[in-house]
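1. Structural data only, the sequence is not supplied:
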Ligand code: FAD
């Protein structure tokens, strides 16, 4: 149990022998095999403080060949490896669990290999931080649209391994949709050379797409080819006050009608979420004079001009006012104000931390069902924990709600968190009834592993285990994450 949450038990492995540790250390050289507790600490803790990792060592290879040598030795000696990128994952996939496990950090594979402005692709090492990919695209006059609150520290390998979503999914898709090719080290130590740049390639089964979203359980991603997009000529961001999620949803339809594929953001948050941000995030400022029950952050992009984006935004808001869906709206007057609006939305997770315990969900339901989901889930949660503070926010345009619940004011944190599984059960049952998913973008890792086998059919679970056995017969790649074999 950690922070009140019952997790699957840690494996009771014998510690790694000193002699074997030396052989691993020799591959990466002095200074890149960390074993001292203080050196390992940043790789063992994670942002939510839910998982407290245990490991024999952290290895920091510099090249694909070093990664391959580590994996080959691990396979020969049946040593479990836990791949780690920026360590920002929300489900514990990157956390090692026993004194025999080795953290394989990809951070030093950090080269941008190539930008192709004609084919609109970028080839990168897996350890390149997402923000650097965005910056390299911008320097080439292009756009890499994957955008997450953690973009300053998460890495491409982690983004692909977890098939990250974020705020750009509405217009551009998730990490899988943005990936053309993958290079990976397989459990045998062999390198899978899949760095293709083709939009079309129907030669049989798609190994790339098995590796993407496999959370480090099928291979170690070492490089990728990603798609780039033309940079919009104009972009407008508005903060909108609305009375209800239902009104926000109706506004989404209006926004889609006006902006079409140029609707590049449609995020929602409750007043409580904004209150948390105003209270805890430095520099945050309420853009509106009066409080509103709900807020929507709308972003419109235009390939033509800034004026076109502005006209579209104004037209959609005017229709929204007309239909009494918009109570108030503030269009960002400058790039820095647009960034400030986005910063408030992206700070929503951090702003919950100082409010005490927070029980999290990452659910998706069909977009039209989001208001019904919120009504049903709020009723169930408040019946179970009167006074619970519900902060449901997220990617309304994708039907993806981060249905987070902060502890009642003055409650005991541990006692509140001990309800984690019970509350997950209530919320996820409503999601299942609506044919939704209990993991929209964060993956399974360790936190949701047992629930996965309860919600997928036996046939699907058997197929997943069979795939794992083929890719990793000795169960050395992130064992016990996602599926147990
Ligand atoms: P890690 O956390 O290091 O690892 C994640 C998983 O991938 C683990 O299972 C790990 O073993 C595996 N892995 C990592 N690198 C490799 C590799 N090279 N090869 C094989 N397996 C590997 N996620 C979203 O989807 N959408 C969001 O909007 C979003 N917002 C976030 C906001 C904040 C503030 C934070 C802290 C997190 C957010 N996340 C979000 C979660 C997280 O940032 C993403 O899942 C991210 O893609 C993880 O990347 P990482 O490099 O940190 O991976």
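-> Looks like it came in fine. A quick note: this is a predicted structure, and the numbers were derived from the prediction, not measured. Numbering: from 1, shown residues only.
2. Show me where the stretch 251-400 of the chain has its helices.
-> All helices of the stretch 251-400 of the chain, identified by DSSP state H, counting those that start in this stretch, fall at 271-280, 306-322, 335-346, 348-352, 370-384.
3. out of the ones you listed, which comes closest to the ligand?
-> Between the ligand and the helices of the stretch 251-400 of the chain, the tightest spacing by Cβ to the nearest ligand atom is seen for helix 348-352, at 4.8 Å. Backbone N, C-alpha and C define where each C-beta goes, glycine included.
4. Who are the packing partners of that closest one?
-> helix 271-280, strand 389-395, strand 400-406 (3 or more Cβ pairs under 8 Å, 6 or more residues apart in numbering; DSSP states H and E).
5. Where does pLDDT dip in the protein?
-> The chain contains residues with pLDDT under 70 at 1-4.
6. So which residues on it come close to the ligand?
-> On the criterion Cβ under 6 Å from any ligand atom, the ligand has as its neighbours in the chain the residues 47, 82-90, 93-94, 106, 126, 148-150, 154-155, 157-159, 161-162, 164-166, 215-216, 220-221, 349, 441-442, 445, 478, 481.
7. List the ones among these that fall in strands.
-> Secondary structure from DSSP state E places 82, 83, 84, 220, 221 of these in strands.
8. Now, of those, which are buried?
-> Buried members of those, scored by 16 or more other Cβ atoms under 10 Å, are 82, 83, 84, 220, 221.
9. Those into TSV, with extra columns for distance to residue 134?
-> Formatted as TSV, these follow (distance: Cβ to Cβ, whole Å):
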residue	distance to residue 134
82	27
83	23
84	21
220	24
221	19
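10. quick one: residue 16 and residue 56 touch, right?
-> Yes: counting by Cβ atoms under 8 Å, residue 16 sits close enough to residue 56 to count as a contact (3.9 Å).
11. Return every residue with contacts to both of those two.
-> Shared contacts of residue 16 and residue 56, defined by Cβ atoms under 8 Å, 6 or more residues apart in numbering, comprise 99, 100, 102.
12. Among those residues, find me the one that's closest to residue 387.
-> Checking the shared contacts of residue 16 and residue 56 against residue 387 by Cβ to Cβ gives residue 99 as the nearest, at 41.4 Å.
13. burial measure for that closest one, as a count.
-> Each residue near residue 99 was counted by other Cβ atoms under 10 Å, and the total is 16.
14. repeat for the one 10 residues further on
-> When neighbours are defined as other Cβ under 10 Å, residue 109 has 26 of them.
15. give me phi/psi at it?
-> Torsion angles at residue 109 (phi, psi; degrees, to the nearest 10) stand at phi -90, psi 80.
16. Which residues lie in contact with it in this structure?
-> Contacts for residue 109 (Cβ under 8 Å, 6+ apart) come out as 61, 62, 63, 64, 67, 125, 126, 127, 128, 157, 222, 223.
17. about what we covered before: need the helices and strands packed on helix 348-352 in a markdown table with distance to residue 20 and mean neighbour count, can you?
-> Formatted as a markdown table, the helices and strands packed on helix 348-352 follow (distance: least, Cβ to Cβ, whole Å; neighbours: other Cβ atoms under 10 Å):
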| stretch | distance to residue 20 | mean neighbour count |
| --- | --- | --- |
| helix 271-280 | 46 | 19 |
| strand 389-395 | 44 | 23 |
| strand 400-406 | 41 | 24 |
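18. Of those, give the one that comes closest to residue 24.
-> strand 400-406 (38.0 Å).
19. For that closest one, which strands pair with it and how are they oriented?
-> Paired neighbours of strand 400-406 in the sheet (DSSP bridges): strand 358-359 (antiparallel), strand 363-364 (antiparallel), strand 389-395 (antiparallel).
20. Can you tell me what sits against whichever strand or helix holds residue 425?
-> Residue 425 is located in helix 420-433, with elements delineated by DSSP states H and E. The contact list for helix 420-433, computed with Cβ under 8 Å, 6+ apart, reads 4-6, 359, 361, 363-365, 373, 376-377, 380-381, 384-385, 403, 405, 437-438, 451, 455.
21. how many other residues sit next to residue 198?
-> Other residues close to residue 198 by other Cβ under 10 Å number 11.
22. actually residue 324, not the one I wrote
-> Around residue 324 there are 10 other residues, counting by other Cβ under 10 Å.
23. Next, it: phi, psi?
-> phi 60, psi 30.
24. Centre of the chain to stretch 352-359, how far?
-> If you compare the mean C-alpha spot of stretch 352-359 with that of the full chain, they lie 19 Å apart, counting by Cα atoms, centre = their mean, to the nearest Å.
25. in that stretch, what counts as buried?
-> With burial defined by 16+ other Cβ under 10 Å, the residues of stretch 352-359 counted as buried are 352, 355, 356, 357, 358, 359.
26. Residue 240 touches residue 317, doesn't it?
-> Yes: counting by Cβ under 8 Å, residue 317 is a contact partner of residue 240 at 7.2 Å.
27. Show me the common contact partners of those two, please.
-> Counting by Cβ under 8 Å, 6+ apart, the residues touching both residue 240 and residue 317 are 298, 326, 329.
28. Could you tell me how many residues sit around the first one?
-> Just to be clear, that refers to residue 298. 29.
29. next one: the second one
-> In terms of burial, residue 326 registers 25 neighbours under the definition other Cβ under 10 Å.
30. For the ligand, give me its nearest residue in the stretch 351-485 of the chain.
-> Taking Cβ to the nearest ligand atom, the stretch 351-485 of the chain has residue 441 as its residue nearest the ligand, at 3.6 Å.
31. neighbours around the nearest residue to that residue once chain neighbours are set aside, how many?
-> Closest residue to residue 441 in three dimensions, ignoring its sequence neighbours and counting by Cβ to Cβ, 6 or more residues apart in numbering: residue 165, at 3.3 Å. By the other Cβ under 10 Å criterion, the neighbourhood of residue 165 contains 25 residues.
32. One more: the one 3 residues further on?
-> Counted with other Cβ under 10 Å, the neighbours of residue 168 add up to 22.
33. My read is that it contacts residue 146, right?
-> Yes: with contact defined as Cβ under 8 Å, residue 168 reaches residue 146; the gap is 6.0 Å.
34. returning to what we had before: inside strands: which ones of the shared contacts of residue 240 and residue 317?
-> 298, 329.
35. For the ligand, state which of the shared contacts of residue 240 and residue 317 is nearest.
-> residue 298 (17.2 Å).
36. and the closest one, how far is that from residue 305?
-> Counting by Cβ to Cβ, to the nearest Å, the separation of residue 298 from residue 305 is 18 Å.
37. How about residue 167?
-> Distance from residue 167 to residue 305, counting by Cβ to Cβ: 23 Å.
38. circling back: between residue 16 and residue 56, who's got more neighbours?
-> Each of residue 16 and residue 56 had its neighbours counted (other Cβ under 10 Å), and the higher figure belongs to residue 56 (24 against 21).
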